[in-house]
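Give the three-dimensional model of this entry:
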Amino acid sequence: MARYFDVHPVDPQPRAIGQVVQILRDGGLIAYPTDSGFALGCSLDNPEGKERILRIRHLDEKHHFTLVCSDFAQLGQFVQLDNAVFRAIKAATPGPYTFILPATKEVPRRLLHPKKRTVGVRIPEHPVVRELLKAMGEPILSSTLLMPGEEHPMTDGWEVKDRLDHVVDAVIDSGECGLEPTTVVDYSDGYPIVARVGAGDPSPFE
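Predicted coordinates for the structure are as follows:
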């Protein structure tokens, strides 16, 4: 049974955030709210957490996972950015965008796209996630909580708890959650391709 954390949407309780961080560090899988719907997340050094996400969402190994980062300094440790890409992404973050970029050696090989050696990264605009990442001190390996056959991510904490109670270890509910998935911009080949139009305005990358 998943633990349920009801946290304040603007000023999340430090005790609750600390307990969730401990669950992540102990190898747990969480469902948490972002500016683009709920997401599933685990620590970077949790291979089983990644496999659990694949099973829940019925995905294959080619799925692009996302490293949810606290700020640009952290993001820059895990992906390669030239000046033009840096400026374009900087102007759009924090916000509901996911960027697919060539990974640095800091990213464990098992987290990379098997052929392209790329990884997704994003900096969300959501107070609860920002506090969680700050307390964690490292990115969270994440994937949008988009269930098989459904077009939109889950957005209600109680529904998440009800449907995923047996497959995640914690659910964070802040009552405030984006309704659309992120806009995905793929820089794998050095120039932007809008791979998915979501909550973020795609026009700067078209």
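
tell me the SS of the most centrally placed residue in the chain?
When CA atoms, centre = their mean is applied to the chain, the residue found nearest the centroid is Ser142 (3.7 Å). Assigned state for Ser142: strand (three-state reduction, DSSP: H, G, I helix; E, B strand; the rest coil).

which ones are touching it?
Ala39, Leu40, Gly41, Phe65, Thr66, Leu67, Val68 (CB atoms under 8 Å, 6 or more residues apart in numbering). No exception for glycine: its C-beta is placed from N, CA and C like everyone else's.

That one bridge partners, please.
Counting by DSSP bridges, Ser142 forms beta bridges with Gly41, Thr66.

could you measure it against Pro204, distance?
As judged by CB to CB, to the nearest Å, Ser142 and Pro204 stand 23 Å apart.

can you give me the strands for the chain?
3-6, 30-34, 37-43, 66-68, 97-102, 118-122, 140-144, 170-173, 183-186, 193-196 (DSSP state E).

I'd like the ones you listed written out as a markdown table, with mean pLDDT added.
Listed next are those as a markdown table, based on pLDDT from 0 to 100:
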| stretch | mean pLDDT |
| --- | --- |
| strand 3-6 | 97 |
| strand 30-34 | 97 |
| strand 37-43 | 96 |
| strand 66-68 | 97 |
| strand 97-102 | 97 |
| strand 118-122 | 96 |
| strand 140-144 | 96 |
| strand 170-173 | 98 |
| strand 183-186 | 97 |
| strand 193-196 | 96 |
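
And those: which comes nearest Asp82?
Closest to Asp82 of those, according to CB to CB: strand 97-102, at 10.1 Å.

and the closest one, what does it pack onto?
Under the contact criterion of 3 or more CB pairs under 8 Å, 6 or more residues apart in numbering; DSSP states H and E, strand 97-102 touches helix 83-92, strand 118-122, strand 183-186.

so which of those is the most packed in?
With neighbours taken as mean count of other CB atoms under 10 Å, those reach their highest mean count in strand 118-122, at a mean of 25.

Please work out the angle formed by the directions of that strand and strand 140-144.
Here the directions of strand 118-122 and strand 140-144 differ by 90 degrees (axes from the mean of the first three to the mean of the last three CA atoms, to 10 degrees).

how much does strand 118-122 deviate in direction from strand 30-34?
Strand 118-122 runs at 60 degrees relative to strand 30-34, counting by the same axes, to 10 degrees.

distance of the closest residue to Ser43 other than its chain neighbours from Thr155?
Spatial nearest neighbour of Ser43, chain neighbours left out: Leu24 (4.9 Å); criterion: CB to CB, 6 or more residues apart in numbering. Relative to Thr155, Leu24 is positioned 22 Å away (CB to CB).

Show me which of those two is the more surrounded one.
Neighbour comparison, Leu24 and Thr155: the larger count goes to Leu24, with 25 against 18 (by other CB atoms under 10 Å).

what sits against that one?
Ile30, Gly41, Cys42, Ser43, Asn46, Met136, Ile140.

got the contact list for Gly157?
Per CB under 8 Å, 6+ apart, neighbours of Gly157: Tyr4, Asp6, Pro33, Phe38, Val171, Ile172, Asp173, Ser174, Gly175, Cys177.

cool, and Phe205?
Contacts for Phe205 were tallied using CB under 8 Å, 6+ apart; they are Ala88, Ala92, Val185, Pro192, Val194.
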